[in-house]
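S.K.: quick one: sequence and predicted model below, then my questions.
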Amino acid sequence: MLSVTEVEKIILDLVKPLTDKEFIPLHEANNRILADNISSNFDFPYDDNSAMDGYAVKFQDVFMASEDSPVSLNIVEEIPAGYCPQKTILSGETARIFTGAILPLGADTIVIQENTQSEGCQVDIFTPPLKNDFVRYKGSFYRSGDFLLSSGSKLNPPEMAILATAQCLQVPVVRSPIIAILSTGDELITPDESMVKGKIIDSNQYLLASFIQQNGGIPLSLGIIPDNPVALENAITNALNKADWVISTGGVSVGDYDYVDEVLRKLGGKFHVKGVKMKPGKPLTVATFDQDKLYFGIPGNPVSTMVTCWRFLQTAMEKLSGRKNYRYPSIVKGITRNHLRSQGNRENYVWGNVKVVEGYYQFTLAQGSHNSGNLVNLQNINALAIIPVGTNLIEIGDDVDILLVNH
Ligand code: AMP
Ligand code: MG
C-alpha cells in the first residue's frame, strides 16, 4: 500500500491548474487567484516626495549646520500632502513640507522638523542631514510598465492594495473550481429529515462544502446516493459532467455495499491510488477521467474525511486553483503533552491543539474518544499530531511532527 508522501505526490502530479480566466470587480477579488500579470502606467512613488514632516532644503545649504551654529533659511512655501509645489527652492530658501507631499524643484533633502526651530518665515536647522534624507524618489518602488503582480498570485490584503493602487478595477482572475460532492450510503438522511432508527445524518456534505469554500472552490452539493450501483453510476456520471472534480464519501472500503470503485471502473476511470497507509483515511481512491477530472473517493467516517481534506486536498485545491506557490501542509516540530499511541502499521493522525510555549509548539490531544466516527471532538482543534509508521508510542515531552490546521 502507498505511503502518505507517495499519495501526496501522485495527487499533486495529477492536478492540472485551471487556466480559464474571468474579469471581476476589484472589490470582489479578495482571496482569488490572479490570471494575468499586472502592470501599471504609473511610477511608484508618482513623484519625488517627502517621507517625513519637515523642511525641503538644498543639502549644500545645510550640511554644515550644528547646534552651535545653526543654518537659517527663508520659508518660501508650505506644501501639504496633496498639493503641487509652486516655487523652486533657491539657495538660502526652504519649503515647509509634510509627509507624502511632492518635493519642490531645487530641493534635494528633507530636514525633519524635530531638528529645527521656526519663527515666522525663518527656520533654523540645528542638525546636518545626510544628502537625500527622507526623499522617496519617483519610481524607486516601481517603474511604470514593469510587472507589478504576477499571474498565479493569491489576492490577499497586500495584493488587493497593490491592485487598487494600479487602478485595476476589473481584475483578471482564474475561475473558481467547481467541486461536486456526493454522499453515498443507505443509512444517510439529510439534516431536515426526521430521525429513523438505523439512519444517520449526512454531515460529510456540509463538512466538504465548507472545506471547498474555505479553499476557494464552489461546492456543488449533489446529495445522498443510495448504496446501489445503478444510482451511483447515474450520480457519478452527472457529477463528472458538471464539475471539475468529484469528491464522494463512503462506499470505497471492502464492505459488501461499497460500490464506488466498481462504478468508477465501469465508467472508464483510471485508478492512481487505492488505499493509503494512513489512519484514519486508509481506503482512499483517486481516479481520473478525461479532461483532467479527478475523482476522490474518501471513506465515510467524518474524521477520515476531514483528515484526508487537510492532508491531501488542501494543497491539491490550491494547485487546481492556479496558485503558483501552492502551499504544502504546514508540518512543524513540537513536543507532546500526552502519550501518543499507535499500532505502528500506518501513519497515524491524532487530533488536538497546539500552542506555542516559550517558543516551542506543544501538542495536547483533544478530549473525548479518538474514534474516526467521532466528529464531535474535532471542534476547535488546530492541529494533528503525526505518529510515523513503525512507532507505537510517543512519550510525554518527546518530539512529534504536528500538522497545523485551520490556520
Ligand atoms: P463507509 O466508508 O461507507 O464504510 O462508511 C464508514 C462510516 O462512515 C459509516 O459508519 C458511515 O455510516 C459513516 N458515514 C458514511 N457517509 C457519511 C456521511 N455522509 N456523513 C456522516 N457519516 C457518514
Ligand atoms: Mg457506506
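M.R.: Cool, the structure landed. Keep in mind that this is a model prediction, so the values were computed, not measured. Ligands and ions are numbered 1, 2, ... in the order given.
S.K.: report the distance from whichever helix or strand Ala180 is part of to the chain centre.
M.R.: In this structure, Ala180 is located in strand 178-184 according to DSSP states H and E. Offset of strand 178-184 from its chain centre (Cα atoms, centre = their mean, to the nearest Å): 23 Å.
S.K.: can you list the residues of this structure near ligand 1?
M.R.: Within reach of ligand 1 by Cβ under 6 Å from any ligand atom, the chain has these residues: 183, 185, 187-188, 200, 202-204, 249-251, 253, 255, 299-302, 373. C-beta here means a position set from N, CA and C on the backbone, and glycine is covered the same way.
S.K.: just to revisit the earlier point, following the strand holding Ala180, which helix or strand shows up next?
M.R.: Past strand 178-184, the next helix or strand by DSSP H and E is strand 188-189.
S.K.: which strands and helices sit next to that following strand?
M.R.: strand 200-201 (3 or more Cβ pairs under 8 Å, 6 or more residues apart in numbering; DSSP states H and E).
S.K.: the strand it packs on packs against which elements?
M.R.: Counting by 3+ Cβ pairs under 8 Å, 6+ apart, strand 200-201 packs on strand 188-189.
S.K.: pull up the pairing partners for the strand it packs on, direction included.
M.R.: According to DSSP bridges, strand 188-189 forms sheet pairs with strand 200-201 (parallel).
S.K.: for the strand it pairs with, give the mean pLDDT please.
M.R.: For strand 200-201, the mean per-residue pLDDT is 97.
S.K.: can you name the residues in contact with that strand?
M.R.: 187-191, 195 (Cβ atoms under 8 Å, 6 or more residues apart in numbering).
S.K.: dump the residue contacts of the residue nearest to Lys293 when sequence neighbours are not counted.
M.R.: In space, and not counting its chain neighbours, Lys293 is closest to Leu240: 5.7 Å by Cβ to Cβ, 6 or more residues apart in numbering. Counting by Cβ under 8 Å, 6+ apart, Leu240 makes contact with 180, 246, 267, 289, 293, 295.
S.K.: of the residues you listed, which pair is most distant in space?
M.R.: Ala180 and Leu267 (14.0 Å; Cβ to Cβ).
S.K.: just the helices in this structure please.
M.R.: 4-14, 59-62, 157-165, 204-214, 229-242, 260-266, 302-308, 314-320 (DSSP state H).
S.K.: can you say which of these is nearest to ligand 2?
M.R.: helix 260-266 (9.0 Å; Cβ to the ion).
S.K.: okay, now Met64: neighbour count?
M.R.: 11 (other Cβ atoms under 10 Å).
S.K.: doesn't Phe126 make contact with it?
M.R.: No: the criterion here is Cβ atoms under 8 Å, and Met64 misses it with Phe126 at 11.7 Å.
S.K.: could you measure from the most centrally placed residue in the chain over to Ile75?
M.R.: For the chain, the residue nearest the mean C-alpha position is Lys154 (6.9 Å; Cα atoms, centre = their mean). Remark: distance between Lys154 and Ile75 (Cβ to Cβ, to the nearest Å) = 48 Å.
S.K.: dig out what Asp399 forms beta bridges with.
M.R.: Ile335.
S.K.: give me the more crowded residue out of Ala180 and Leu267.
M.R.: Neighbour count, other Cβ under 10 Å: between Ala180 and Leu267, Ala180 has more, with 26 against 15.
S.K.: stretch 182-198 vs ligand 2: in contact?
M.R.: Yes: under the criterion of Cβ under 5 Å from the ion, ligand 2 is reached by stretch 182-198 at Gly185.
S.K.: in that stretch, what's buried?
M.R.: 182-185, 187-188 (16 or more other Cβ atoms under 10 Å).
S.K.: and that stretch, how far out from the chain middle?
M.R.: 34 Å.
S.K.: for that stretch, measure first residue to last.
M.R.: Taking Cα to Cα, to the nearest Å, stretch 182-198 runs 20 Å from one end to the other.
S.K.: what sits up against it?
M.R.: Under Cβ under 8 Å, 6+ apart, the answer for stretch 182-198 is 199-202, 204-206, 222-227, 232, 235-236, 239, 246-251, 257, 259-260, 300.
S.K.: cutoff 7 Å now
M.R.: Residues outside stretch 182-198 that contact it (Cβ atoms under 7 Å, 6 or more residues apart in numbering): 199-202, 204-205, 222-227, 232, 235, 239, 246, 248-251, 260, 300.
S.K.: quick check: Val171 touching Ile24?
M.R.: Yes: the pair Val171 and Ile24 passes the contact test of Cβ atoms under 7 Å, sitting 5.8 Å apart.
S.K.: please say which of these two ends up with more neighbours.
M.R.: Neighbour comparison, Val171 and Ile24: the larger count goes to Val171, with 25 against 13 (by other Cβ under 10 Å).
S.K.: against ligand 2, how distant is that one?
M.R.: Separation of Val171 from ligand 2 (Cβ to the ion, to the nearest Å) stands at 43 Å.
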